[in-house]
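1. everything below, folded, please.
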Amino acid sequence: MLEIRRSADRGRADHGWLESFHTFSFADYYDPEWMGYGPLRVINDDRVAPGQGFGKHGHRDMEILTYILTGALEHRDSMGNGSVIRPGDVQRMSAGTGVTHSEFNPSTTEAVHFLQIWLLPEAQRLAPGYEQKHFSAADKRGRLRLIASHDGAEGSVVVHQDARVYAGLFDGAERAELRLPPGRRAWVQLARGTLSVDGVRLSAGDGAHTPGPAQLTLQGGTDAEVLVFDLP
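-> As a prediction, the model looks like this:
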């Protein structure tokens with residue numbers, strides 16, 4: 001059975017230059033009932049003002065995915081990587097034994113809106129790593145496109161966890177299904193628009209979860225952009 005986590009029930013932090021909504025407990029937001037979902041530990045829905053960003057800070061023992069919705073985010077890290085992440089890009093940073101990085105909105109006029117996702121790794125003290133790939137709107141239109149997986153299937157970025165992450169764009173009659181076998185579970189996060197999942201209407205910021213066995217049906221979208229996590 002699908003259970004819903006409504007957008008309005010998430011944690012919220014407003015720092016002026018940063019507005020962030022926390023699906024799960026994070027920083028000053030703590031709810032013991034929402035500490036994560038399986039290995040999915042963080043979904044932060046962030047908006048950073050023009051010319052602002054996160055200064056150099058550290059992470060370890062976490063798989064971090066960044067998914068841009070609008071605007072751009074400039075990334076630099078202690079591994080020597082430097083890039084600008086734009087809509088359609090997926091960045092994976094394995095913090096492992098320790099990484100420092102910074103994230104900055106390079107625009108002087110446009111805010112950047114993105115999801116930052118943390119997955120617990122399959123093992124501690126892994127070697128740090130970085131990967132960035134682009135998935136076009138056409139890749140995701142009316143379907144669930146695999147964007148992250150344990151084995152890099154279908155050109156997805158590699159995460160050190162038995163997880164498969166899909167992204168999709170849905171309007172009108174477009175429809176997709178995802179079958180969950182026994183022992184798997186799914187989290188659905190609607191990034192923007194509206195969408196029906198198993199007949200339940202979701203709005204931007206809403207999440208939903210269900211254990212397998214199940215078959216999720218996504219349809220009836222209006223300007224919908226969604227991420228679906230297939231998890232152990």
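2. which residues in this structure form helices?
-> Remark: helices assigned in the chain by DSSP state H are 137-140.
3. tally of neighbours for the spatially closest residue to Thr222 that is not a sequence neighbour?
-> Counting by C-beta to C-beta, 6 or more residues apart in numbering, the nearest residue to Thr222 once its immediate chain neighbours are dropped is Thr194, at 4.7 Å. Placement of C-beta: from N, CA and C, glycine included. Neighbourhood size, Thr194 [other C-beta atoms under 10 Å]: 16.
4. Val99 against Arg76, yeah?
-> No - shown here, Val99 and Arg76 do not form a contact pair, counting by C-beta atoms under 8 Å, at 11.1 Å.
5. how many neighbours does the closest residue to Val165 other than its chain neighbours have?
-> Using C-beta to C-beta, 6+ apart and skipping residues adjacent in sequence, the residue nearest Val165 is Ala148, 3.9 Å away. Using other C-beta under 10 Å, Ala148 has 27 other residues around it.
6. if we can go back for a sec, which one of Val99 and Arg76 has more residues nearby?
-> Between Val99 and Arg76, counted using other C-beta under 10 Å, Val99 has the larger neighbour count: 21 against 15.
7. give me the spatial nearest neighbour of that one, chain neighbours excluded.
-> Nearest to Val99 is Pro128, by C-beta to C-beta, 6+ apart, at 4.8 Å.
8. ok, Tyr67 next?
-> Across the structure, with C-beta to C-beta, 6+ apart as the measure, the residue nearest Tyr67 apart from its sequence neighbours is Leu115 (4.6 Å).
9. and Ala163, by the same measure?
-> Leaving out its chain neighbours, the residue that sits closest to Ala163 by C-beta to C-beta, 6+ apart is Leu231, at 5.3 Å.
10. the one you found and Val188 touch, don't they?
-> No - distance between Leu231 and Val188: 11.4 Å, which falls outside the contact criterion (C-beta under 8 Å).
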